[in-house]
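Visitor: take a look and give me a structure for this.
(one chain, ligands or ions: 1)
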Amino acid sequence: MGQKTQNQQIVMREMKPKGKLGVLLVGQGAVSTTFIAGVEAVKKGIAKPIGSLTQMQTIRLGERKDKRSPLIKELVPLAELDDIVFGSWDPIADDAYTAAKKAAVLSDRHIDAVKSQLKRIRPMKAVFYQDYVKNITGPNVKKPRNKMRAAEMLMEDIARFKERNGCSRLVMINCASTEIHMKKSVFHSSFHALEDAMGGNREEISPAMIYAYAAIKCGVPYANGSPSLAADAPALTAYAAAHNVPIVGKDFKTGQTLMKTVIAPMLKARMLKLDGWFSTNILGNRDGEVLADPQSFKTKQMSKLSVLDTILQPDMYPELYGEVHHQVHINHYKPRGDNKEGWDNIDISGWMDYPMQIKINFLCRDSILAAPIALDLALFLDLAQRAGMGGVQEWLSFYFKSPMTSMPSAKPEHDLFIQHMMLKNTLRAMMGETPVDHLD
Ligand SMILES: NC(=O)c1ccc[n+]([C@@H]2O[C@H](COP(=O)([O-])OP(=O)(O)OC[C@H]3O[C@@H](n4cnc5c(N)ncnc54)[C@H](O)[C@@H]3O)[C@@H](O)[C@H]2O)c1
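Guide: Residues are numbered from 1 along each chain as shown. Prediction:
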């Protein structure tokens, strides 16, 4: 056995997770219930974790001639699915079984197969103010005197959940509805200002920020699957870095943006010109209903629009990408449920400026694409914490439409293949392996 492999085995042993991992989900809607039911179905051996890197992907180590390609989960010490315990908050009091049935992403066959596991998960009372999500109402909400008290109540929930379920570690993932568009302001600039604003019940403090605050204050790694402003409020990002709490976000990269971050790098790699990109979607789930409110839609739209500029670098290539007409539309269309349909019309030009078109018609299932992302984030954030890696986890940008950066001035990486390389090279580095540079 080589020295490197021996050292890795020692690291694996030292970092091996002990005890249960509590996964706390903010929002128990389509994504959360598809995630929970999927994990339970995989544990029972009746479904496969397709789309999850932590469960299915291999990682090449050393030189090609070495022929070493273990599974990622054989290289890094991840929590086992059997050791995961779920908890949630939602203003709607349905247990996870009823919520999964209402979300109607999975068939009755799959939901009923894990009924007892889902029935046990009853959402805790949410920190919820309808000013931030216009199209949701529900009775299962806390009644704190101010937003600081709301955060304290969440921290009490977190401590209670950990104790009752005998968890050794926790992670929190925000899978709640998209909130209205919030601008970063002076109230988010320092921790002191943020806490003052929470105590003063200011409107600049949204529920998503209160959950992120509670997680980070408790030292619980936090991921933001929604586009709402949360851990990316500068005060929270700085606090997480200073206190070594892993955070990451935001907005799961699932359907149309996933395609965008594959096609755009191809156009740039081949120096093909982009004239315009028109994206439209129909979806009929509750997320679509929330996004029918113009203020929530704006939050989502900003997240979807940010992608092209960073990939194409119009400042470096003004002739090719200086005048791209980019539009994104989302329409709530009930009959379609969670089975979103997206259309992209991409106008490009090639040699001597001759025009061409690409059409994409993606009939996707939003939550089916989001669930494995939630699983990977839970396991990788827990790994990051055990490896002592705090602050923004840029190596997990792969999973997000609007990746956070650790330096406010840095541009996020959007190219899916560079993001994938970052992720795998970080795992290699964590285990003392050489990053792959394709020079061998
Ligand atoms: N479905 C996807 O593939 C996908 C992809 C990218 C991002 N997202 C984002 O993930 C989030 C969840 O999507 P979904 O399809 O599960 O939506 P959903 O509407 O099915 O579920 C969201 C749940 O959050 C709850 N909620 C709202 N405010 C809350 C609060 N303050 N505290 C706790 N719970 C709250 C709602 O009651 C609802 O049950 C949305 O922000 C969405 O934009 C989803």
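Visitor: contacting residues for the nearest residue to residue 406 once chain neighbours are set aside?
Guide: Among residues not flanking residue 406 along the chain, residue 392 sits closest, at 4.2 Å (CB to CB, 6 or more residues apart in numbering). Just so you know, the C-beta spots here come from the backbone N, C-alpha and C atoms, and that holds for glycine as well. Counting by CB atoms under 8 Å, 6 or more residues apart in numbering, residue 392 makes contact with 237, 240, 241, 247, 248, 404, 405, 406.
Visitor: what strand or helix carries the fifth one?
Guide: Same thing as residue 248. Element membership for residue 248, per DSSP states H and E: strand 246-249.
Visitor: what residues sit buried inside the helix or strand following that strand?
Guide: The helix or strand immediately downstream of strand 246-249 is helix 256-269, counting by DSSP H and E. Within helix 256-269, the residues scored as buried using 16 or more other CB atoms under 10 Å are 256, 257, 258, 259, 260, 261, 263, 264, 265, 267, 268.
Visitor: follow-up on the earlier one: C-alpha coordinates for the strand holding residue 248, PDB please?
Guide: In PDB, the C-alpha atoms belonging to strand 246-249 read as follows (Å, rounded to 0.1, in the frame of the first residue of the first chain):
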ATOM      1  CA  PRO A 246     -19.600  26.500   6.200                       C
ATOM      2  CA  ILE A 247     -22.300  28.400   4.200                       C
ATOM      3  CA  VAL A 248     -23.200  28.200   0.500                       C
ATOM      4  CA  GLY A 249     -25.800  29.400  -2.000                       C
END
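Visitor: need phi/psi at residue 431.
Guide: phi -100, psi 20 (degrees, to the nearest 10).
Visitor: shouldn't it be in contact with residue 77?
Guide: No. Residue 431 sits out of contact with residue 77 when judged by CB atoms under 8 Å, with a separation of 9.3 Å.
Visitor: residue 316 is in contact with residue 322, correct?
Guide: No. Counting by CB under 8 Å, residue 322 sits too far from residue 316 to count as a contact (10.0 Å).
Visitor: do a quick rundown of the strands in the protein.
Guide: 20-26, 84-89, 167-174, 222-224, 246-249, 273-283, 325-332, 341-349, 355-363, 391-392 (DSSP state E).
Visitor: pipe those into a markdown table and attach mean pLDDT and distance to residue 111 per row.
Guide: Below are the strands of the chain laid out as a markdown table (pLDDT from 0 to 100; distance: least, CB to CB, whole Å):
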| stretch | mean pLDDT | distance to residue 111 |
| --- | --- | --- |
| strand 20-26 | 98 | 17 |
| strand 84-89 | 98 | 15 |
| strand 167-174 | 98 | 21 |
| strand 222-224 | 98 | 25 |
| strand 246-249 | 97 | 29 |
| strand 273-283 | 94 | 20 |
| strand 325-332 | 90 | 24 |
| strand 341-349 | 95 | 23 |
| strand 355-363 | 96 | 22 |
| strand 391-392 | 96 | 36 |
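Visitor: ok, which of those strands comes nearest residue 100?
Guide: strand 84-89 (11.8 Å; CB to CB).
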